[in-house]
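**Student:** Kindly generate the corresponding structure for this input.
(chains A and B)
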Number of protein chains: 2
Amino acid sequence: MPNELEIIARLRARAHATDGVRVGIGDDAAVLQTGGGRDLLACSDLMTEGVHFRREWSPPRLLGRKALAVTLSDIAAMGGVARYAMMSVALPRALSAAFIEALFDGMLAYAETNGVAIIGGDTSSSMDSLFIDTIALGECDAGRAVRRNGARAGDVIYVTGALGGAASGLLLLEHGYRFADNLNDATNDEDARSRARTQVMLKHLMPGPHLAFGRAIGEHGLATAMIDLSDGLSTDLAHVVDESHCGAIVRAEALPIAGAVRLLAGELKTEPLRLALHGGEEYELLFTVRPEHHARIAELSSELNVPITAIGEIITGSGLQLERNGAPDVLKPSGYEHHI
Amino acid sequence: MPNELEIIARLRARAHATDGVRVGIGDDAAVLQTGGGRDLLACSDLMTEGVHFRREWSPPRLLGRKALAVTLSDIAAMGGVARYAMMSVALPRALSAAFIEALFDGMLAYAETNGVAIIGGDTSSSMDSLFIDTIALGECDAGRAVRRNGARAGDVIYVTGALGGAASGLLLLEHGYRFADNLNDATNDEDARSRARTQVMLKHLMPGPHLAFGRAIGEHGLATAMIDLSDGLSTDLAHVVDESHCGAIVRAEALPIAGAVRLLAGELKTEPLRLALHGGEEYELLFTVRPEHHARIAELSSELNVPITAIGEIITGSGLQLERNGAPDVLKPSGYEHHI
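**Tutor:** Down below sits the predicted model:
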């Protein structure tokens, strides 16, 4: 079968520009004119059992929460505020009522916390797998959505938070660790490692997109481009430079690798740098900033208590480079494909 | 597991009224204020392999078309016009490129024909089943969406088109008939029955919601309530009377049973009336009209070339009655559950 990028490219080629569509297929969310001073943002995100998650290691409450969180993350990555959500869910007949209730509870609680109204959706049974499609509607000031295509040479590349955790958490889950088991372990001798394991599994199972920060970046017009890290930094940054017709240099030593990832490097048998560069589902924000806005971004980061790190620069040309120990090398986008 | 209605009831109870939400969970589409003179309509519709369709009998082009058509039908049932759509699709790894291309082609062609822009969506692989969630965004004049809850005693109940075809088509498919096989049969001796089989299978595989008619009813304010027939007339009319706090009487002799359904009654081994009352997925419109608007509805029907039939009246009280040979009896909502 054709891969996701081929399908999207084909759809994008055929989905002609239409009245009212400022941004169609190919960004974190579509941007629609509604006539007032605000634009409408719309996006959907699919979570498929066996591809994006396994039921055996996903507490249902966290699963419902994550399904919504990753979709709201797309609205934040446009610099917008999420207002409404819908959820279409296909439920295997064998699912317990308790599982389903916890799934919706997790979603509803996250919606309430973030001021998002659940306005609809659809449910059906499913022959085998659990499917969750979450749709978000949001808004931003007209013409102010932060796209992927505005980065320019000289911009500094920032990321929020710390990297590598979600991919590490997924590896642990694949190795048989479980979130709940691990909580019980937390009192034994190996406290620091145990806490680190919990932390990275939670980063995978319970991502915390920076909704207020993304929105503020958009409202203050502080970024030239923005994307959320869902496929992995290298792949997501490649989307930005491809859409912006420029290149980027990333400094390995500057990457904010999560402490827990460094601590667990031995047992994960993977280089922390590799996890930070290519690990998916971080749901941190990556954005590019003109030099004159550095001070304001630093203020915003401090005000909203969202750590940010400058990891490199946008340059002329194309493609990605990784500078390590002062020497640049080609950085191939190789974000983790979903491969559970 | 809890059934769909229980899940919806639970969600609806927890999804509190929020600023900007005119209509939330529980109608064909949500209605949102956008600030201008127009309201935004939003809905999603899930099609799950083995529940809503079988791949073996669904030509992929028709499947993509239907996934979008049934969602646009919900916008029409609110009296609105569909403007944008998104499609989230989980694709089994074994699907051929040709199948996927035809699936999206069918969807895109239907979107173009109906002036709908595809603005996004998501794709993923799937372990086993094909899963298609289609999201539609539409609009109507502010405060003019036609809800399910406005029917009043004395209103006449109308349906568009003819009934029973989609359920008959599904029965034939379950009995081993195939749409393509049948086309080849069309030259043999049994022409009328063969054409009837094609017609009802097409009604199931290629529903034709009355988008322009639904929109016009909304724009002219001609209906007090409206719903599309997706679960079966008895179930969908029950939604209207429950939401409107009234009852309804349906006249068996008035029901517009499709000619093909009567012709095939023998081989289908089911009473045509039963198929018309309870058969799902017709995607006809059911709407209720004040007596003073009969002439205008008749004009609109003629202008847009959409046949309509008065099938009964809204009455005080609650529940449904079926009048047959002059004698009323209780009509139990028993729309076909998806049961493929």
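
**Student:** Look up how far A:S194 lies from A:G208.
**Tutor:** Counting by C-beta to C-beta, to the nearest Å, the separation of A:G208 from A:S194 is 21 Å. C-beta coordinates here come from the backbone N, C-alpha and C atoms, glycine included.

**Student:** Among the two, which residue is more densely surrounded?
**Tutor:** Applying other C-beta atoms under 10 Å in any protein chain shown to A:G208 and A:S194 shows that A:S194 carries more neighbours, namely 17 against 14.

**Student:** sec struct for the more buried one, please.
**Tutor:** Recorded secondary structure, A:S194: helix (DSSP: H, G, I helix; E, B strand; the rest coil).

**Student:** Show the model's pLDDT score for it.
**Tutor:** At A:S194 the predicted local distance difference test score is 91.

**Student:** Kindly report the same for A:V156.
**Tutor:** The predicted local confidence for A:V156 comes out at a pLDDT of 98.

**Student:** What number of residues are in the vicinity of the residue of the stretch 151-300 of chain A found nearest chain B?
**Tutor:** Relative to chain B, the nearest point of the stretch 151-300 of chain A is A:S230 (10.5 Å; C-beta to the nearest C-beta). Here the neighbour count serves as a burial measure; for A:S230 (other C-beta under 10 Å) it reads 22.

**Student:** Could I get the contacting residues of it?
**Tutor:** If a contact means C-beta atoms under 8 Å, 6 or more residues apart in numbering or on different chains, then A:S230 has A:V70, A:S73, A:D236, A:G280, A:E281, A:E282, A:Y283 as its contacts.

**Student:** and these as JSON lines, adding pLDDT?
**Tutor:** Rendered in JSON lines, the data for those read as follows (pLDDT from 0 to 100):
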{"residue": "A:V70", "pLDDT": "98"}
{"residue": "A:S73", "pLDDT": "98"}
{"residue": "A:D236", "pLDDT": "97"}
{"residue": "A:G280", "pLDDT": "95"}
{"residue": "A:E281", "pLDDT": "96"}
{"residue": "A:E282", "pLDDT": "97"}
{"residue": "A:Y283", "pLDDT": "98"}
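
**Student:** who wins for most neighbours among those?
**Tutor:** A:E282 (31 neighbours).

**Student:** need the contacts of A:S230 in TSV with distance to chain B and secondary structure, can you?
**Tutor:** TSV is the format used below for the contacts of A:S230 (distance: C-beta to the nearest C-beta, whole Å; DSSP: H, G, I helix; E, B strand; the rest coil):
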residue	distance to chain B	secondary structure
A:V70	10	helix
A:S73	13	helix
A:D236	15	helix
A:G280	13	coil
A:E281	13	coil
A:E282	18	coil
A:Y283	15	coil
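
**Student:** Redo those as JSON lines? Include distance to A:R215.
**Tutor:** Supplementary listing: these in JSON lines, determined by distance: C-beta to C-beta, whole Å:
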{"residue": "A:V70", "distance to A:R215": "16"}
{"residue": "A:S73", "distance to A:R215": "12"}
{"residue": "A:D236", "distance to A:R215": "19"}
{"residue": "A:G280", "distance to A:R215": "23"}
{"residue": "A:E281", "distance to A:R215": "21"}
{"residue": "A:E282", "distance to A:R215": "19"}
{"residue": "A:Y283", "distance to A:R215": "15"}
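
**Student:** Return the member of those nearest to B:V240.
**Tutor:** Of all these, the one with the least separation from B:V240 (C-beta to C-beta) is A:V70, at 36.5 Å.

**Student:** ok, now which ones touch the closest residue to that closest one other than its chain neighbours?
**Tutor:** Counting by C-beta to C-beta, 6 or more residues apart in numbering or on different chains, A:D45 is the residue found nearest to A:V70 once chain neighbours are left out, at 5.1 Å. Under the criterion of C-beta under 8 Å, 6+ apart, the contact list for A:D45 reads A:A67, A:V70, A:T71, A:D74, A:D133, A:T134, A:A136, B:S88, B:D122.

**Student:** and A:D45, that one's in a strand?
**Tutor:** Yes - judged by three-state DSSP, A:D45 forms part of a strand.

**Student:** A:H239 - that's part of a helix, no?
**Tutor:** Yes - A:H239 sits within a helix when classified using three-state DSSP.

**Student:** re the thing from before, could you give the backbone dihedrals for the residue of the stretch 151-300 of chain A closest to chain B?
**Tutor:** Backbone dihedrals for A:S230, given as degrees, to the nearest 10, come out at phi -110, psi -40.

**Student:** Could you check how far it is from A:T134?
**Tutor:** When A:S230 is compared with A:T134 (using C-beta to C-beta), they lie 13 Å apart.

**Student:** And the pLDDT at the residue of the stretch 151-300 of chain A closest to chain B?
**Tutor:** 96.

**Student:** Could you do the one 5 residues further on as well?
**Tutor:** Here the pLDDT value assigned to A:T235 is 96.

**Student:** so what's it closest to, chain neighbours aside?
**Tutor:** A:G335 is the one closest to A:T235 (C-beta to C-beta, 6+ apart), at 3.1 Å.

**Student:** thinking again about what came up before, overlap of the contact sets of A:S230 and A:T134?
**Tutor:** In contact with both A:S230 and A:T134: A:V70, using C-beta under 8 Å, 6+ apart.

**Student:** for chain B, what are the nearby residues on the stretch 101-250 of chain A?
**Tutor:** Of all the residues in the stretch 101-250 of chain A, those in contact range of chain B (C-beta under 8 Å from any C-beta of the partner chain) are A:101, A:104, A:108, A:117-129, A:131, A:133, A:135, A:137.

**Student:** before we move on, the earlier item: need the contact list for the residue nearest to A:T235.
**Tutor:** By C-beta under 8 Å, 6+ apart, the contact list for A:G335 reads A:D231, A:G232, A:L233, A:S234, A:T235, A:D236, A:H278, A:G279, A:G280.

**Student:** Could you pull out the helices in the stretch 51-200 of chain A for me?
**Tutor:** For the stretch 51-200 of chain A, the helices defined by DSSP state H, counting those that start in this stretch occupy A:60-76, A:97-113, A:165-174, A:179-185, A:191-205.

**Student:** Could you tell me the least trusted of the ones you listed?
**Tutor:** Taking the average pLDDT of each of these, the minimum falls on helix A:179-185, with a mean of 62.

**Student:** quick one: low-confidence parts of chain A?
**Tutor:** Low-confidence segments of chain A, defined by pLDDT under 70: A:1-2, A:16-17, A:181-189, A:336-340.

**Student:** let's see it at 90
**Tutor:** Chain A contains residues with pLDDT under 90 at A:1-20, A:26, A:34-37, A:179-192, A:334-340.

**Student:** And the strands in it, which stretches?
**Tutor:** Counting by DSSP state E, the segments of chain A that form strands are A:21-23, A:30-33, A:38-48, A:81-92, A:117-126, A:131-141, A:156-160, A:225-228, A:247-251, A:285-289, A:308-315, A:319-324, A:327-330.

**Student:** Centre of the chain to stretch A:240-257, how far?
**Tutor:** On the basis of C-alpha atoms, centre = their mean, to the nearest Å, stretch A:240-257 is displaced by 16 Å from the centre of the chain it belongs to.

**Student:** and what of stretch A:12-27?
**Tutor:** The offset between the C-alpha centroid of stretch A:12-27 and the centroid of the whole chain comes to 22 Å, using C-alpha atoms, centre = their mean.

**Student:** What is the end-to-end distance of that stretch?
**Tutor:** Stretch A:12-27 has its terminal residues 11 Å apart, counting by C-alpha to C-alpha, to the nearest Å.

**Student:** Give me the contacts around it.
**Tutor:** With contacts defined as C-beta under 8 Å, 6+ apart, stretch A:12-27 is touched by A:8, A:11, A:29-33, A:39, A:78, A:143, A:145, A:147-149, A:243, B:83-84, B:108, B:117-121.

**Student:** okay, which residue is most central for chain A?
**Tutor:** The centroid of chain A falls nearest to A:Y283 when counting by C-alpha atoms, centre = their mean (2.6 Å).

**Student:** which residues touch that residue?
**Tutor:** With contacts defined as C-beta under 8 Å, 6+ apart, A:Y283 is in contact with A:A69, A:V70, A:S73, A:A166, A:P207, A:G208, A:P209, A:D228, A:L229, A:S230.
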